[in-house]
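Participant: Let me see the structure of the following:
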Amino acid sequence: MSWTKDYFTSTIGRKFLMSITGLFLVFFLIEHLAGNLLLLLGDHGLTFNAYSDTMANNPIIRIVEIILFLSLIIHPVQALILTQRNRGARKTGYAVSKAGETSSWASRNMGILGSILFVFLVLHIANFFVSARFGDLGIDANGNKDIYTKVVDSFSMAWYSLFYIFCFLALGFHLIHGILSGFKTLGLSHKKYLPVVKSIGIILTVLFTIGFISIPAYFLINMII
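Facilitator: All right, here's what the predicted structure looks like:
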C-alpha cells in the first residue's frame, strides 16, 4: 500500500484527486441546476418540492451525497496543498512578471475564486440543505416539505440574491479554467482533443452561470415588481 500512499501524496497524485473530484462536482452541478430550474415553473413549487422529496429519500442519492461531501472536502484541501507547494518551489521571484501574457485572469486567481465559493457553499448548505433535511419547514398541498417557500423567502431579500449572483459569477470564472485544467490532468491535452475540451468547458460555464443566476434574479425581480 506504500506506493498508493506515495502516489496520492505526490504532486501528480494530488492533481489527479483534485481533477477527479472537480469533474465530479461539475457533473453534480448539471443535476443540481436541472433540479433547481424547477423553481421557475410557476406552480408554487409543487414540482420542485416533489423532486426534493424524491432526492432526499432515494438511497442511491444518499450514497452520492457522501461522495459529494467528500469531494467538497478533498478538492479544496488538495488545492491548498498544491498552492503551498508551488509557492515553496519559487525560491526567488521574477524580475518582471509576465503572467498576464501566458495565463488567464481566472487561472491566476483560482485561489481567490475557490475561497469565495467555499464561503458560499458553507452558507448555502447551512441555509438550504440543513433546513431542508433537518429543519421544521411547512408542508405543501401535496404533503411534501415546502422547501420552495424557504427559497422564495431567501431570494426575496435583495442582498441575499445579489450575493448569490456574485458567487455564481465567481463559479463561472472558476469553472472556465478548472474544467480545462481537470481534463488536461487526466491526459486529454492532445491537440486533437483540446479544442473540443475547451469548447465543452466554455459551453458548460456559460450554461451554469446563466442557469444559476436566473434563479435568484427571477425571485428578486418578482419581489421588486
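Participant: Off-centre distance for stretch 15-25?
Facilitator: Counting by C-alpha atoms, centre = their mean, to the nearest Å, stretch 15-25 is centred 12 Å from the centre of its parent chain.
Participant: Alpha carbons of stretch 117-128, as CSV, please.
Facilitator: Taking C-alpha atoms only, stretch 117-128 is exported to CSV below (Å, rounded to 0.1, in the frame of the first residue of the first chain):
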residue,chain,number,x,y,z
LEU,A,117,-17.0,29.5,-3.4
PHE,A,118,-16.1,27.8,-0.2
VAL,A,119,-17.7,30.5,1.9
PHE,A,120,-20.7,30.4,-0.4
LEU,A,121,-21.0,26.6,0.0
VAL,A,122,-20.9,26.7,3.7
LEU,A,123,-23.7,29.3,3.8
HIS,A,124,-25.7,27.5,1.1
ILE,A,125,-25.5,24.2,2.9
ALA,A,126,-26.4,25.8,6.2
ASN,A,127,-29.4,27.7,4.8
PHE,A,128,-30.9,25.2,2.3
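Participant: For the chain, which segments count as strands?
Facilitator: Read by DSSP state E, the chain holds no strands at all.
Participant: OK, contacts around the nearest residue to residue 137 once chain neighbours are set aside?
Facilitator: Counting by C-beta to C-beta, 6 or more residues apart in numbering, residue 145 is the residue found nearest to residue 137 once chain neighbours are left out, at 4.8 Å. Yep, even glycine has a C-beta here, placed from its N, CA and C like the rest. Applying C-beta atoms under 8 Å, 6 or more residues apart in numbering, one finds that residue 145 lies in contact with 49, 52-53, 56, 132, 137-139.
Participant: avg pLDDT for stretch 207-216?
Facilitator: Taken as a whole, stretch 207-216 carries a mean pLDDT of 92.
Participant: contacting residues around it?
Facilitator: Residues outside stretch 207-216 that contact it (C-beta under 8 Å, 6+ apart): 29, 33, 36-37, 39-40, 155, 160-162, 164-165, 168-169, 171-172, 175.
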